[in-house]
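Novice: After the sequence you'll find the predicted model.
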Amino acid sequence: MLSKAWKNVLFGLLLCSLSSAHSHHDHEHEDIPIERRQELLAKWEQEFTFTGISTFAHLPHVKCLLDPSVTYDIAIIGAPFDNAVSYRPGARFGPRAIRAASARQMPATSYNTRAAINPYLNWAKIIDCGDIPITPFDNAVAERQMYEAFLELGSRKVHNPAAGRGGISQGKPKLITLGGDHSIALPALRALYKIYGKPITVLHFDAHLDTWNPVRYNAYWASAQARFNHGSVFHVASQEGLISNTSSAHAGLRTRLTGVDDGDYTNPGPEQGFLRIHADDIDDVGVKGVVETIVNRVGIDEDEPVYLSLDIDVLDPSIAPGTGTPEPGGWTTRELIRILRGVEGLNIVGADIVEVSPAYDSNAEGTALAAAQMVFEIITSMVKMGAKGDVGGWYGRKEGDVEKEQEVAEGKKDEL
């Protein structure tokens, strides 16, 4: 056997060889002519929508939780957790599916005509922070892991402190979480409450209330851990004082209730201080009416933080079948996109897209594609509202604007 002295000598030689190899590598790196580098970039820098490592919209990927020095203005974070569902599982694979479905979004080709900006090539640094490593074996630990991750990522300094919307969210990054089941919203709200120091207004798109008292599932077997489920997330959040019960709203509801009457509505506890917009209300008031109802309820106030929580089952299952608790009679993707565009003035400080369960999706990946598009719409609104002023856009133009712009363009062409 080698003596301790010889082991120390060999260890020292190993370190020297590694250092020498590293130095040699750096030397070779420095000797590459700039012309050669430019040639390689010209040949191989371009990516196609179907190439590259799968990140959301081909954004840069950084393991943000491992590096406290990483800064950003908006971050995508995955929460692959589905141990709190009451029906079909599989949402733990949602982040992967949504990222894959976002492949046709690329920073260089994502100009949004309705907002007149490319959100990926604007003032905001937007990155994909990867996934929170969440245990599938212990829900109490998982709950804590998500809270600590959201708090860590949401407490970072922003990359562009001079930019942003202003008000209470100035200097604070925004997180968009890819779920995961809807229970992930609870640790997210806990973190936001800690960061902002006040109750958070929740704008909740869902077929279901998600305000069920957990004892309704089975009071005999009620337990502390049973409270953490995807159908009771806002009940628990309200009990903990995390959310505003005077400005929050449900939108897209079409769920069945418990019992033989509407007691879930008429006998609410404090957790039911939500305005309710049902899915079929859109038939009576249209998209514009839904938007006006939401804006009047939530309000546009830079000092009131809003969390947008979007369960993909708000869409009709004929469009988005890949979800855990599908309900017929939902909105179309076009309707939901227009609603999201209409509420862009809200002070959205964070968002989630949850309950995408790709095992039940079609081969066309319609559910994941819809989720990816909703993320794009939310990012666009966050960036537009932080751009300090109205940057215009295609939608909402007055009649004749297009013709006037065409005349201006023709005039400039004649000058040339």
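Specialist: It's in. Every value quoted in this text rests on a predicted model; they were computed, and no experiment measured them.
Novice: thought Leu315 was touching Thr332?
Specialist: Yes. Here Leu315 reaches Thr332: they are 7.1 Å apart, a contact under C-beta atoms under 8 Å. C-beta coordinates here come from the backbone N, C-alpha and C atoms, glycine included.
Novice: and stretch 149-164, which residues are buried?
Specialist: Of the residues in stretch 149-164, those buried by neighbour count under the rule 16 or more other C-beta atoms under 10 Å are Ala149, Phe150, Leu151, Leu153, Gly154, Arg156, Val158, His159, Ala163, Gly164.
Novice: ok, and what's touching that stretch?
Specialist: Residues from elsewhere that reach stretch 149-164 (C-beta atoms under 8 Å, 6 or more residues apart in numbering): 64-65, 68, 70-73, 75, 77, 123-125, 129, 132, 170-173, 175, 177, 187-188, 190-192, 194-195, 350, 386-388.
Novice: Phi, psi for the residue nearest to the spatial centre of the chain please.
Specialist: In the chain, the centroid-proximal residue (C-alpha atoms, centre = their mean) is Ile176; its distance is 2.5 Å. Torsion angles at Ile176 (phi, psi; degrees, to the nearest 10) stand at phi -120, psi 120.
Novice: How many neighbouring residues does the nearest residue to Lys174 once chain neighbours are set aside have?
Specialist: The spatial neighbour of Lys174 that comes closest, neighbours along the chain excluded (C-beta to C-beta, 6 or more residues apart in numbering), is Ile74 at 4.9 Å. For Ile74, the neighbour count with other C-beta atoms under 10 Å is 24.
Novice: contacting residues for Ile74?
Specialist: Ala124, Lys125, Ile126, Pro173, Lys174, Leu175, Ile176, Ile379, Met382, Val383.
Novice: picking that back up, most widely separated two among the buried residues of stretch 149-164?
Specialist: Put simply, by C-beta to C-beta the two of the buried residues of stretch 149-164 set farthest apart are Ala149 and Ala163, 24.8 Å from each other.
Novice: so where is the stretch 301-416 of the chain shaky, pLDDT-wise?
Specialist: Per-residue confidence of the stretch 301-416 of the chain (counting by pLDDT under 70) places the weak regions at 388-416.
Novice: all strands of it, in order?
Specialist: Listed from the start of the chain, the stretch 301-416 of the chain has strands (DSSP state E, counting those that start in this stretch) covering 306-311, 348-354.
Novice: strand partners of the first one, parallel vs antiparallel please.
Specialist: Translated: strand 306-311. Based on DSSP bridges, the pairing partners of strand 306-311 within the sheet are strand 201-205 (parallel), strand 348-354 (parallel).
Novice: Many thanks, we can stop here.
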